[in-house]
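**Q** sequence first, then the predicted structure, then my questions.
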Amino acid sequence: MSSARLTIGVVAPLTGRLAPLGKPLTYVLKALTSQLKHVRNGSSRYDVSVAVRDSRSDPGAARQAVRDLVAIDQAHIVLTMAGTQVLPAVADTCEELRVPCLSTTFPWQAYVHARGAAPGHHFQWTYHFAWGLDDIATVFAQMWEQTGGTPTIGCLWNDDLQGDLLRHGQYGFAPVASTRGHHLVDLGPYREPAVDFQTQVGRMREYGADIVTSAATAADLSLFHRQARQAGLRPRLITCSRWLTYPHTHTVTAPDVHAELADARVATLVYWSPTHPYRSSLDGSTCADLAHAYRRDTGESWLQPLGLAHALVETAHHALGTADDPTDHAAVAQALAGTTLPTIAGTLDWKQGPTPNIALLRLAGGQWHPGPKGPDLVIVSNTQIPEVATTGELQPV
């Protein structure tokens, strides 16, 4: 029996603006403490420790967190999630230090491009599971079509990486939308956080766009919606990825933002929910079990990253348990590359692509409906993932 100790390193936003999105990961690590105490690999049994370092929601701090995990905690694998700048910083630092890294909650094209690479590039040490921008576009288009007709879609995209990729002629929304008969019009880039959307509202009127798609923060989308209403415009439907995959009550405290977005009934992508029909490979718990336990233990409603955080830990445990030598970084990275694992977020398969280092998650479409305890995410489109049942109907404004 082996007496070596393995360490799972975690970079999480414990403080800073991303802190609300770090809660699911820290919860899962605590909830799975007993399952993570040991890993059995063949005839050997290894003790496992988990070391968590705060990214402080900052790329520089995230890079230092990785260095500390490797140099001080001697991590054998590093896990991370959340942050369009923070996550790539963690992955790049792991690649430089030659330590296996597993991440999620970031469209795979953005994951690749943010690291200065292109689809098809093979990273040696860093692996990711998520969905693609094209998958988001497909789900959004299916919801646009539920409103009737083939409308003109106004695109409210920022001037940063996310907006640039959504505009990308090959990887963005246009190829998907055009093949389905939709016409996209760019309402104009804006800097986050936004202070005014009069230009974008004017273009919405000019182009006759009565459906808007975006990847804005809750505060920015609220400001746009308010200024559109004040100009006499009312989008029939807003589809928004990124921040609006979470309840707006979790990411911003302003009551006026909550009221504005509740009125807008924003639709979004759904990558995990309590009704997804999957089980944990660690303890057999269902998606409903996990969501219920989170509410019981925290007093808060479930968040979509909860399922991905759980799958992140499942996959790390699996890689350490199947690597030829779990104490060797290269062997752990090779185990990740060959992983096909049923998890509480669905089956993750790094051997299928869509590009090296990526396992793909399928998406449903959902809409935030007002509920007695706050926003309720209702699944309204399941064409891409039919085993996930719809739980309501799309309600255009």
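**A** Thanks, I have it. Residues are numbered from 1 along each chain as shown.

**Q** pretty sure residue 391 sits in a helix.
**A** No: assessed with DSSP: H, G, I helix; E, B strand; the rest coil, residue 391 is coil; it does not lie in a helix.

**Q** so which bits of stretch 162-172 are buried?
**A** Neighbour-count burial for stretch 162-172, counted by 16 or more other Cβ atoms under 10 Å, picks out 162, 163, 165, 166, 167, 171, 172. Heads up, the C-betas are built off the backbone N, CA and C, glycines and all.

**Q** next one: phi and psi at residue 346?
**A** Torsion angles at residue 346 (phi, psi; degrees, to the nearest 10) stand at phi 110, psi 180.

**Q** ok, now the one 3 residues further on?
**A** When read as degrees, to the nearest 10, the backbone of residue 349 gives phi -130, psi 100.

**Q** likewise for residue 253?
**A** Torsion angles, degrees, to the nearest 10, at residue 253: phi -100, psi -10.

**Q** any idea how many residues pack against it?
**A** Neighbour count of residue 253, defined by other Cβ atoms under 10 Å: 8.

**Q** phi, psi of residue 10?
**A** phi -130, psi 130.

**Q** hang on, I meant residue 18
**A** Dihedral angles for residue 18 - degrees, to the nearest 10 - are phi -90, psi 0.

**Q** which residues touch the nearest residue to it once chain neighbours are set aside?
**A** Setting aside the residues directly before and after it, residue 18 is nearest to residue 57 in space (Cβ to Cβ, 6 or more residues apart in numbering), at 4.0 Å. Residues counted as contacts of residue 57 (Cβ atoms under 8 Å, 6 or more residues apart in numbering) are 13, 15, 16, 17, 18, 19, 83, 86.

**Q** ok, now with 6 Å
**A** 13, 16, 17, 18 (Cβ atoms under 6 Å, 6 or more residues apart in numbering).

**Q** please tell me how far the last one sits from residue 108.
**A** Plainly put, residue 18 is 20 Å away from residue 108 if you go by Cβ to Cβ, to the nearest Å.

**Q** which one's more surrounded, these two?
**A** Taking neighbours as other Cβ under 10 Å, residue 18 and residue 108 compare with residue 108 leading, 25 against 22.

**Q** hang on, the earlier thing: now the buried residues of stretch 162-172 in JSON lines, with secondary structure and distance to residue 156?
**A** Converted to JSON lines, the buried residues of stretch 162-172 look like this (DSSP: H, G, I helix; E, B strand; the rest coil; distance: Cβ to Cβ, whole Å):
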{"residue": "162", "secondary structure": "helix", "distance to residue 156": "12"}
{"residue": "163", "secondary structure": "helix", "distance to residue 156": "9"}
{"residue": "165", "secondary structure": "helix", "distance to residue 156": "15"}
{"residue": "166", "secondary structure": "helix", "distance to residue 156": "10"}
{"residue": "167", "secondary structure": "helix", "distance to residue 156": "12"}
{"residue": "171", "secondary structure": "coil", "distance to residue 156": "19"}
{"residue": "172", "secondary structure": "coil", "distance to residue 156": "14"}
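
**Q** TSV for those residues, including distance to residue 253 and pLDDT?
**A** Listed next are the buried residues of stretch 162-172 as TSV, based on distance: Cβ to Cβ, whole Å; pLDDT from 0 to 100:
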residue	distance to residue 253	pLDDT
162	23	91
163	25	96
165	29	94
166	27	97
167	31	97
171	34	90
172	32	94
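
**Q** state the pair within those that is farthest apart.
**A** 163 and 171 (12.8 Å; Cβ to Cβ).

**Q** what's in contact with stretch 7-27?
**A** Contact partners of stretch 7-27, identified using Cβ under 6 Å, 6+ apart, comprise 49-57, 62, 65, 69, 73-83, 90, 250-251, 303, 305-306, 309, 316.

**Q** my error: substitute stretch 342-362 in the last question.
**A** Residues lying outside stretch 342-362 but in contact with it, judged by Cβ under 6 Å, 6+ apart, are 108, 119-120, 122-123, 127-131, 271-272, 278, 280-281, 287, 307-308, 310-311, 314, 337, 339-341, 384-385.

**Q** and what of stretch 69-81?
**A** Outside stretch 69-81, the residues that touch it by Cβ under 6 Å, 6+ apart are 6-11, 25, 51, 53, 87, 90, 94, 97, 99-105, 312, 316, 332.

**Q** can you tell me the centre-most residue of the protein?
**A** residue 105 (2.5 Å; Cα atoms, centre = their mean).

**Q** which residues are in contact with that residue?
**A** For residue 105, the contacting residues are 81, 82, 305, 308, by Cβ under 6 Å, 6+ apart.

**Q** let's see 7 Å
**A** With contacts defined as Cβ atoms under 7 Å, 6 or more residues apart in numbering, the neighbours of residue 105 are 81, 82, 130, 305, 308.

**Q** can you tell me how far the closest residue to it other than its chain neighbours is from residue 157?
**A** With Cβ to Cβ, 6+ apart as the criterion, residue 105 has its nearest non-adjacent residue at 4.5 Å, and that residue is residue 81. Residue 81 sits 23 Å away from residue 157, going by Cβ to Cβ.

**Q** of these two, which one has the most company?
**A** When neighbours are counted by other Cβ under 10 Å, residue 81 and residue 157 differ, and residue 81 comes out ahead with 27 against 23.

**Q** distance check, that one against residue 260.
**A** From residue 81 to residue 260 the distance is 28 Å (Cβ to Cβ).

**Q** name the surrounding residues that touch the longest strand along the chain.
**A** In the chain, ranked by residue count with DSSP state E as the criterion, the top strand is strand 44-54. Under the contact criterion Cβ under 7 Å, 6+ apart, strand 44-54 has outside partners 1-2, 4-12, 14-15, 29, 36-39, 65, 68-69, 73, 75, 326.
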